[in-house]
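[1] Provided below are the primary sequence and the corresponding predicted coordinates.
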Amino acid sequence: MSGTPWSTFSVGDEVANETIYLTRESLVRYAGASGDFNPIHYRDDVAQSVGLDGVLAHGMLTMGLAIAPVTSWLAGKAMVTSYQVRFTKPVYVPVTGSAGVTVSVTLHSLGEAPEESATLALRVTNDEGATVLGKAIAVVSTL
């Protein structure tokens, strides 16, 4: 597997780690791009009226941001062929400041040649260290 982004790593190694920060502006921009204008993503009173602690990030935004460190690490040498997560905890975004989402990516397993694939495990946590995306797995293959 020489030449693949994972050729210099061993199973269990961390291959990428990044913290991404979300602000209320991030949520507005995502709402506009996705068409998801559910008020729990921009109004604290509505979010609290349905039992939430406050405004939360869109689940699909969190999922999309979590795969970004993987695609950066692949740097065009491979592609994501499968990606799955389980939403386990919301990411609350404060009125001012930001909410951090930290993504740690480890090499979980290697596929057999000639496919030259790898399975990556993503640990996605909030500022408090709580897991926000569980069972997050990406399969990547050479181009």
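    Right, received. Where do you want to start?

[2] contacts and neighbour counts: CA atoms only from here.
    OK.

[3] buried ones in the longest helix seen in the chain?
    Looking across the chain with DSSP state H, the single longest helix is helix 59-74. Residues Gly59, Thr62, Met63, Leu65, Ala66, Ile67, Pro69, Val70, Thr71, Trp73, Leu74 are the ones in helix 59-74 that count as buried (16 or more other CA atoms under 10 Å).

[4] ditto for stretch 35-42
    Per 16+ other CA under 10 Å, stretch 35-42 contains these buried residues: Ile40, His41, Tyr42.

[5] just curious, which of these is nearest to Gly129?
    His41 (21.6 Å; CA to CA).

[6] can you check the pLDDT for Glu115?
    Glu115 carries a pLDDT value of 65.

[7] make that Met1, sorry
    So, for Met1, pLDDT stands at 42.

[8] for this structure, which segments count as helices?
    Going by DSSP H, the chain shows helices at 24-34, 44-49, 59-74.

[9] what's the spacing between the residue nearest to the spatial centre of the chain and Val132?
    By CA atoms, centre = their mean, the chain has its centre lying nearest to Ala66, at 1.3 Å. From Ala66 across to Val132, the span is 10 Å (CA to CA, to the nearest Å).

[10] which neighbours do those two share?
    Val124 (CA atoms under 8 Å, 6 or more residues apart in numbering).

[11] can you say which of the helices of the chain is nearest to Val103?
    That would be helix 59-74 among those, by CA to CA, at 6.1 Å.

[12] packing partners of the closest one?
    On a contact count with 3 or more CA pairs under 8 Å, 6 or more residues apart in numbering; DSSP states H and E, helix 59-74 meets strand 14-22, strand 78-87, strand 99-110.

[13] quickly run through the sheet partners of the second one, with directions.
    In this case it means strand 78-87. Counting by DSSP bridges, the strands paired with strand 78-87 are strand 131-142 (antiparallel).

[14] and if you look at the longest one?
    Under the criterion DSSP bridges, strand 99-110 sits next to strand 14-22 (antiparallel), strand 117-125 (antiparallel) in its sheet.

[15] that's all I had, so thanks and see you.
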